[in-house]
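# What follows is a predicted structure for the sequence shown.
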Amino acid sequence: MGSSTIGILGTGSYAPEKILTNADLSAIVDTSDEWIFTRTGIRERHIAGDNETTSLMAAAAGRAALVDAGLTPADIDLIIVATMTPDHPMPATACFVQNHLGVSSHAACFDLNAACSGFLYALDTAWAMLGSGRYRHALVIGAEKMSTVLDWTDRTTCVLFGDGAGAVVLGPSRGTAEILGAKLYAEGTHARLLWIPNGGSNAPVPAPGTHFPPRTLTMKGREIFKIAVREMEDAAREILEQHQMSAANIACVIPHQANLRIIDVIAQSLELPLERFFVNLERYGNTSAASIPLALDEARRSGRIKPGDTTLFVAFGAGLTYGSALVRW
Ligand code: UT7
């Protein structure tokens, strides 16, 4: 475990202006608002503009989190961007974020790819780095431009995702919002259930004059659904057990926002009312690594999290990665 004196000092989020509704989607692929809403709980999602990069969205969320924390870019000495849709294969999107925000060259900046669990992976990593005493303030950002890796002719995937970013500032706790624990997992045996087969070094080099196959996401949705439910339940139960808590001690669960039916099953298995879960996926869809920090920021700003509350974050994603974290506000 990392230091128990590291806290969340501020939160921020950003969503692109453009909204794509289920009705809009039904003009693109053979689908309907009724199918999408009843199967997922999603009504609409935000879609980034052509020039609206992952790093620009990440920087906007980071800037808001810094203001919330009452800090400036000069205070930051670590930036971790969790993303599976970096601006470029290299360098890290975090370096572009550093530039956008004017963070000093003394900061360490890197990306981390754990797909939809990315924010929890980045949070735990930053917590450990700050706990070592060698870094003081971290910007931990989940940011995704999922619209660039979707096959817009595939109705089984393109209706599910959206673009956006969420960020937290971590630093020495001010007596509130302490990270109590985090636990990460992965089941690489399921790596090909949800993946982008092309675009990496394992894709064959195309013959001269031909193009790389498209870098789009493919998924076995039904299989993922079942595994996701089991993994999120396990991650939630284990961290509660580790901290001698029961689900009843949790004032607010902030789950990865993939599908309302998944959240519903988890609520039932933890014997918590659905109202105990903060859900905003009807307006954002699945924003992958951005989903938990974006929901967290909305939950805080809407007064859903009160001083003294314990919140549980729980996520799953491609890999298949999964994990959980506990924060006492
Ligand atoms: O962050 C991780 C991201 N991944 C996930 O969260 C995936 C988890 N899985 C799911 O959320 C669900 O499995 C889906 C929402 C992807 C699909 O829901 P489902 O209830 O498992 O549907 P299904 O895949 O079993 O498909 C049922 C039917 C099929 O038609 P037939 O074979 O019964 O005739 C599909 O072709 O629904 C059809 N279908 C659609 N119909 C209208 C699939 N996508 C659509 C669509 N619009 N967009």
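Thanks, I have the structure now. Numbering: from 1, shown residues only.
# SS state for Glu238?
Classification of Glu238 using DSSP: H, G, I helix; E, B strand; the rest coil returns helix.
# The spatially closest residue to it that is not a sequence neighbour: neighbouring residues, count only.
Closest residue to Glu238 apart from its sequence neighbours, by C-beta to C-beta, 6 or more residues apart in numbering: Lys183 at 6.1 Å. Placement of C-beta: from N, CA and C, glycine included. Lys183 is flanked by 17 other residues according to other C-beta atoms under 10 Å.
# ok, Lys183 - contacts?
Residues in contact with Lys183, defined by C-beta atoms under 8 Å, 6 or more residues apart in numbering, are Asp124, Ala235, Glu238, Ile239, Gln242, Gly323, Ser324, Ala325.
# quick one: the fifth one from Ala315, how far?
As judged by C-beta to C-beta, to the nearest Å, Gln242 and Ala315 stand 17 Å apart.
# what about the two, which has more around it?
Ala315 (32 against 14).
# helix/strand/coil for the residue of the stretch 1-150 of the chain found nearest the ligand?
The stretch 1-150 of the chain approaches the ligand most closely through Thr31 (3.3 Å), counting by C-beta to the nearest ligand atom. Secondary structure state of Thr31, per three-state DSSP, is coil.
# okay, now it: neighbour count?
Thr31, neighbours per other C-beta under 10 Å, totals 18.
# Skip the chain neighbours and tell me the closest residue to it.
Arg155 is the one closest to Thr31 (C-beta to C-beta, 6+ apart), at 4.8 Å.
# Count the neighbours of the one you found for me.
Arg155: 18 neighbours (other C-beta under 10 Å).
# Enumerate every residue touching it.
Counted by C-beta under 8 Å, 6+ apart, Arg155 has contacts Val29, Asp30, Thr31.
# For Thr40, see how far away it is.
For Arg155, the distance to Thr40 - C-beta to C-beta - is 12 Å.
# anything in the strand or helix carrying the residue nearest to Glu238 sitting right up against the ligand?
According to DSSP states H and E, Lys183 maps onto strand 178-186. No: if you take C-beta under 6 Å from any ligand atom as the test, strand 178-186 misses the ligand, and the best it gets is 13.8 Å.
# that older thread, ok, so of the contacts of Arg155, who is nearest His106?
His106 lies nearest to Val29 out of these, by C-beta to C-beta, at 47.9 Å.
# is it true that the closest one touches Val159?
Yes: judged on C-beta atoms under 8 Å, Val29 makes contact with Val159 at a distance of 7.3 Å.
# Compare these two and say which one has the larger neighbour count.
Remark: of Val29 and Val159, Val159 carries more neighbours, 25 against 15, as counted by other C-beta under 10 Å.
# which non-adjacent residue is nearest the more buried one?
Spatial nearest neighbour of Val159, excluding adjacent residues (C-beta to C-beta, 6+ apart): Ile36 at 5.0 Å.
# Tell me the helix or strand right after the helix or strand containing the one you found.
Per DSSP H and E, Ile36 falls inside helix 33-40. Next along the chain after helix 33-40, taking DSSP H and E as the criterion, comes strand 44-46.
# ok so, going back, could I get the buried residue list for the helix holding Ile36?
Residues of helix 33-40 classed as buried: Asp33, Ile36, Thr40 (neighbour count, 16 or more other C-beta atoms under 10 Å).
# about what we covered before: closest to the ligand out of the contacts of Lys183?
The closest of the contacts of Lys183, once distances to the ligand are taken by C-beta to the nearest ligand atom, is Gly323, at 13.0 Å.
# where does that closest one sit relative to Pro197, distance-wise?
25 Å.
# Same question for Arg328.
42 Å.
# So between these two, which is more surrounded?
Just comparing Arg328 and Pro197: by other C-beta under 10 Å the higher neighbour count belongs to Arg328, 18 against 14.
# Could you verify my assumption that that one touches Gly181?
No: using C-beta under 8 Å as the test, Arg328 is too far from Gly181 to be in contact (10.1 Å).
# so who does the residue of the stretch 1-150 of the chain closest to the ligand touch?
Asn22, Leu25, Arg155, Val159.
# so what's the third one scoring on pLDDT?
This points to Arg155. As predicted, Arg155 sits at a pLDDT of 97.
# Give the closest residue to the closest residue to the ligand within the stretch 151-300 of the chain in space, chain neighbours not counted.
Nearest residue of the stretch 151-300 of the chain to the ligand, counting by C-beta to the nearest ligand atom: Gly221, 2.9 Å away. In space, and not counting its chain neighbours, Gly221 is closest to Thr156: 6.1 Å by C-beta to C-beta, 6+ apart.
# Likewise for Ile19?
Glu44 is the one closest to Ile19 (C-beta to C-beta, 6+ apart), at 5.2 Å.
# and the one you found, how many neighbours?
Glu44 has 19 neighbours, counted by other C-beta under 10 Å.
# Go ahead and confirm it touches Leu25.
No: using C-beta under 8 Å, Glu44 makes no contact with Leu25, being 9.1 Å away.
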